[in-house]
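*Asks:* need coordinates for the below:
(one chain, ligands or ions: 1)
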Amino acid sequence: MLRTVSCISIAALFALALSAQAQPAQRPQIATTKVEGTDGVYIFRNGNHQSMFVVTGDGVIATDPVGYGRPTGGQDYVNEIRKVTDKPIKYLIYSHHHFDHAAGGKAFKDAGATVVAHHVAKERLAVLKDPHTVLPDEVVSDKGRTITLGGTSLELSYHGLNHSDSTLVMRLPKEKIIFVVDTLPVGQVPGRGMIDFHPLEAEEFIKKVLALDWDRLIPGHPGVGDRLGSKKDAQDQLQLLQDASAEMKVMAQQGKCWEPAEKELKLSKYESWPGYAGGLPLIARRYCGLWGRGT
Ligand SMILES: [Zn+2]
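*Replies:* A predicted model of the protein is given here:
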C-alpha cells in the first residue's frame, strides 16, 4: 500500500515537473532593459512592442509610447523611466505615425516632454484625430535634426518612403545604435507591416540605412530572443524583400493576382523564420499591388 502511494506521488511529481517544463514562465507584460555596453540606453517593452529611451545628464529622451489599446501604457512607460532616473523627461519622439507605436503620449506631455515627429506624421495625425495620440509639438523636416541633451546626441534622419511615409531613423552616433521601427524586423518575416508598405522605395530606404554608421539595431517589435539586429539582419531583410518581389513579379505578369498568387507564393529559403506562414499572404498581397496593379 505504502509503496503504491509513493509510486503515485512520484508519478504526480514527475507529471508536475514535465508540465512546468512544457510551459515556460509567463513573460511579463512590461520590461525595461539596459542595452549592454551603454551608459544610459534602455529598451522599454510593452507586450510585443518596444521603444528606446536614453538617460542623459540633463534629462531623458524617450521614443514611441507604444500605448495602442493600452489605456495605462503611456503612464506605465513613464513609471518605468522613473524607476531608472528622476531626471526630467525632455523629449518624446515618434518613430512614425502608426497608432500602435505613437499612441499614449499624454503621460509624457503631462510630465513636461516636448513631442517631436516627422512633419508627415503630424499632418496625418492632425487629420485622423486619434483620441489616444498626442499631436507633435515640433516637426522634423526631410533634412533631419539632431537632438543634443546632457552630452548625448541623437540624430533623427528621414530617408524617404518605407513601411510608412513618416519614419524617422534614430541614431546614437557614440553608441553606434539605431532605432528603426517596422521596416526592419530582426530575423522575422514581415506580416501586417506590409499593409501600407512602399515596396520599391523601401529597398532604397534599407540601402540608405545600411550606409549609416551603426553596429546594433533596436527594432520596434522584439526580435527572437530579444536580440538586437545587425547589418547582416538588415541585409537579409532587404534580400527577402527582393526575393519576394522577383517571385511576385513573375506571378503578377502571369495574371495570378490576387488569390492564386497569395496561395502560391513560397520563399523556402525563409521557411524557418518566425512569421513565415502568416506573413507570406500579406507579402504576396502587397506585391500584387505593385506588380499586378502598378501601385
Ligand atoms: Zn508601423
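*Asks:* residues contacting the residue in the stretch 151-295 of the chain positioned nearest to the ion?
*Replies:* Of all residues in the stretch 151-295 of the chain, Asp182 sits closest to the ion, at 4.0 Å by CB to the ion. From N, CA and C alone the C-beta is placed, and that goes for glycine too. By CB atoms under 8 Å, 6 or more residues apart in numbering, the contact list for Asp182 reads Ser95, His96, His98, His101, His163, Ser164, Thr167, Gly193, Gly220, His221.
*Asks:* quick one, phi/psi of it?
*Replies:* phi 80, psi -40 (degrees, to the nearest 10).
*Asks:* excluding its backbone neighbours, what's nearest the residue of the chain found nearest the ion?
*Replies:* Proximity of the chain to the ion (CB to the ion) peaks at His98, 3.4 Å away. For His98, ignoring the flanking residues on the chain, the nearest one in space by CB to CB, 6 or more residues apart in numbering is Ser164 at 6.3 Å.
*Asks:* what secondary structure does that neighbour sit in?
*Replies:* Taking DSSP: H, G, I helix; E, B strand; the rest coil as the rule, one finds Ser164 in the coil state.
*Asks:* between the contacts of Asp182, which sits nearest Lys122?
*Replies:* His96 (11.4 Å; CB to CB).
*Asks:* state the distance from Leu161 to Leu200.
*Replies:* According to CB to CB, to the nearest Å, Leu161 and Leu200 sit 9 Å apart.
*Asks:* before we move on, what about Leu125?
*Replies:* If you go by CB to CB, the gap between Leu125 and Leu200 works out to 26 Å.
*Asks:* who has more neighbours, the two?
*Replies:* A count of neighbours by other CB atoms under 10 Å puts Leu125 above the other of Leu125 and Leu200, at 20 against 11.
*Asks:* I'd like the next helix or strand past the host helix or strand of the more buried one.
*Replies:* Following DSSP states H and E, one finds Leu125 within helix 119-128. Downstream of helix 119-128, the next assigned helix or strand under DSSP H and E is strand 138-140.
*Asks:* got the residues of the chain near the ion?
*Replies:* His98, Asp182 (CB under 5 Å from the ion).
*Asks:* can you give me the helices for the protein?
*Replies:* 2-22, 73-84, 99-102, 106-110, 119-128, 199-211, 231-253, 259-264, 276-288 (DSSP state H).
*Asks:* now, of those helices, which is deepest in the fold?
*Replies:* helix 99-102 (a mean of 23; mean count of other CB atoms under 10 Å).
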